[in-house]
Structure formats: structure tokens, C-alpha cells
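all I have is the shape, not the residue letters:
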């Protein structure tokens, strides 16, 4: 059975603003336009300051989910359903296949020495308003990253949310992360886009895929600011995101090495099967496309899981893959969301046949 959550009006910036009776569907659907978890069903009304209209904080380090300024200066709005991230947690299982995490890193750079205080909050949406329900300054609800965690970049702080811990403490609901930094000439405030937290079940996970990524050291560009180059030296960054989609459609390419003799006989030397997969997403906002194509697909390690009932392969659980295509969302008029199809191949190819026995591939 589907679950319906109704939101009331709220004037708080970047809240789930809309009209009384606005509902988010948390049940099942498909990729052919039937609304699912993140779609507003009844009725679509003009939404003021929907999250993807604003620019992320310039000092957010990576992140598959953006921080947004607490005060929105964008005057444009569009009558379309808001996007809400679906996250799942399991009360008994600890495996990451069942449990989602979200990473937020903020660097204050030159402002670091001017700060008086920095606070990270977990907020819940209830009764039409956002309320602080926890201060994220220890490892109760995930992993706290205080200043000076990374010696080469002491101005970085943040938090890795373990949604299983939040579920255990507060239950299902609509949550977001808020960070404030106050000091001399510094008054920063940012909030994440909302998360809809549900307890893991096959029904709640249906129609979703999840990507887990790891970036280890090195440099990476900023997804929207070509002047920024993020320094990850001596930093191991992990993150994950779940969205509507389908991963699978397995197929195979072959690489063959043969020798043909003068008499016309072809001698097989080596065959290799290259397993490939396709990702087909649902309608996703631009900020998700930007961050997924930049940070997820260029990650050192990519693990993907598919949760669809109708997938022929139930073994697609935290499978290691690498991107094997371009990234071309299909944008259409009268929508600020788009679908995309991306090809992948396994990150380890060992399905080979060769005639030699010297141990080399």
C-alpha cells in the first residue's frame, strides 16, 4: 500500500512550501511517468523557492546532495513538484545495502580564523515548520568531522549522516541538515534539500537504485564553478545517493584475439567477455544530474545496487562498476527535471578464455 504524507503551508525559507493538502507519494510506481516517491500528486501548485532554484554554497566540498543558502534571492518559480531525496534505514541489519548515508563537508577557508562558532543541526519537518531536533557534534547519528580532522585542510568540517541511526532515534519523517557559521565578518547559513526517511523494506525500496562512491586523495573540479579545484589530498571521501531508476539490462561485448595461418585455419588465442549494464533514471532535478555526473561517475570506486522487483538479476547488490558512456539528460519543455541513460561496465573483468597457461591475461 502507498503512504501519503501531507504538508501544511510554511513560510520558512527552503522549507517544503506549497499549499495545504500538498502530498508526497511514498509508494510504488514505474519509469513511464507514474509518480513515485518524490512526486507531488495532488494538486501541482506554484511552489515558492523550490530548492533547485538557488545556487549551492560555494564552500561546500563535493557532496551528492547540495547545501543551499538559508535565504533565497531567486525570484523565479515554477509550478512543478518538488524533489525530495528518499533515504532508507534498517533497524536490525547494518549492511550498507539496506542503509543509506549522506555526507556533508563545508570548508570556511579564509574565514576559518574569524569564526566564533559553527553548528550542524538535524532538522525535522512537522506541523508546517522545520525544527532542530539534534545537534550533530558527536557520532550519535553518524560520523562527526570537526575542524582539524584533515591536517592539510584544517578549515573543513562536516557530518556523515547514518540514516539508520536517525530512524532508530526519531522514526520515519522528513529531515534536512542545517549548518551555521558565525564570527567576525562571517554569518553563513545553509540547509540541505529535504530527505524523506523510511524504514527499509522491499516495497519502500522498489523503483530505486543506489550509488555508493569513494574518492581517495587527488584533485577534482567543482561541478558548477570552473575556477574551483577541490584538493582531496590525504582525504578519503565517501557518499551515497538513492533515486528513482532501474539498473541492469546486462549485455556482453567480446574481445577476441585470433591467428590466421596461410592455409586459412583460424587459431583462437584469447577471448574475453566484457559485461555491460545500463542505468535508466526517473525524472531528476538538475542539481542531481550535475553532481552525479561529476562526482559519482568520476569516483575511484562506484558501487551500485538495484531494488526493482522486475529486475531479471537480483544479484545487483553493491556491484563494482565504472562509467562507460557519456551523460546526456533528456530535457523537455515545461519541466525542470530530466531522465538520463548511462552505460557502465564491471570494474573487474575476469571472464576470459585463453590457450596459454603462463598465468598472464
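Arrived safely. Note that the structure is a prediction, hence the values are computed from the model and not measured. Residues are numbered from 1 along each chain as shown.

where do the strands sit along the stretch 51-200 of the chain?
Using DSSP state E, counting those that start in this stretch, the strands found in the stretch 51-200 of the chain span residues 60-61, 67-69, 85-89, 101-107, 115-126, 129-135, 142-145, 156-162, 173-183, 186-192, 195-199.

and for the stretch 201-350 of the chain?
With DSSP E, counting those that start in this stretch as the criterion, the stretch 201-350 of the chain has strands spanning 208-216, 219-221, 229-231, 236-260, 266-281, 284-285, 301-306, 319-323, 330-331, 337-339, 341-346.

worst-scoring helix or strand of this structure, pLDDT-wise?
strand 22-25 (a mean of 33; mean pLDDT, DSSP states H and E).

JSON lines please, covering the strands of the stretch 201-350 of the chain and showing mean pLDDT and mean neighbour count.
Where C-beta positions appear, they are placed from N, C-alpha and C, glycine not excepted. As requested, those are exported to JSON lines (pLDDT from 0 to 100; neighbours: other C-beta atoms under 10 Å):
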{"stretch": "strand 208-216", "mean pLDDT": "97", "mean neighbour count": "21"}
{"stretch": "strand 219-221", "mean pLDDT": "86", "mean neighbour count": "14"}
{"stretch": "strand 229-231", "mean pLDDT": "82", "mean neighbour count": "16"}
{"stretch": "strand 236-260", "mean pLDDT": "87", "mean neighbour count": "16"}
{"stretch": "strand 266-281", "mean pLDDT": "81", "mean neighbour count": "16"}
{"stretch": "strand 284-285", "mean pLDDT": "96", "mean neighbour count": "20"}
{"stretch": "strand 301-306", "mean pLDDT": "98", "mean neighbour count": "19"}
{"stretch": "strand 319-323", "mean pLDDT": "96", "mean neighbour count": "17"}
{"stretch": "strand 330-331", "mean pLDDT": "96", "mean neighbour count": "12"}
{"stretch": "strand 337-339", "mean pLDDT": "96", "mean neighbour count": "19"}
{"stretch": "strand 341-346", "mean pLDDT": "94", "mean neighbour count": "18"}
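
columns distance to residue 201 on top of these, output as CSV?
Below are these laid out as CSV (distance: least, C-beta to C-beta, whole Å):
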stretch, distance to residue 201
strand 208-216, 12
strand 219-221, 35
strand 229-231, 37
strand 236-260, 14
strand 266-281, 22
strand 284-285, 23
strand 301-306, 15
strand 319-323, 21
strand 330-331, 31
strand 337-339, 26
strand 341-346, 27
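
give me the low-pLDDT residue ranges for the protein?
Of all residues in the chain, those with pLDDT under 70 make up the ranges 1-58, 110-113, 184-186, 254-256, 258, 267, 269, 273, 349-356, 358-361.

any idea which of the strands of the stretch 201-350 of the chain gets closest to residue 171?
For the strands of the stretch 201-350 of the chain, proximity to residue 171 was assessed by C-beta to C-beta; strand 236-260 is nearest, at 18.8 Å.

give the contact list for the closest residue to residue 343 other than its chain neighbours.
Distance criterion C-beta to C-beta, 6 or more residues apart in numbering; nearest residue to residue 343, sequence neighbours excluded, is residue 325 at 3.8 Å. Applying C-beta atoms under 8 Å, 6 or more residues apart in numbering, one finds that residue 325 lies in contact with 342, 343, 344.

between those residues, which is nearest residue 250?
residue 344 (10.3 Å).

hang on, the closest one packs against residue 321?
Yes - between residue 344 and residue 321 there is a contact at 4.1 Å, judged by C-beta atoms under 8 Å.

which residues do these two both contact?
277, 302, 304.

from those, pick the one nearest residue 172.
Among the shared contacts of residue 344 and residue 321, and counting by C-beta to C-beta, the member closest to residue 172 is residue 304, at 25.0 Å.

distance of that closest one from residue 214?
Distance of residue 304 to residue 214, given as C-beta to C-beta, to the nearest Å: 13 Å.
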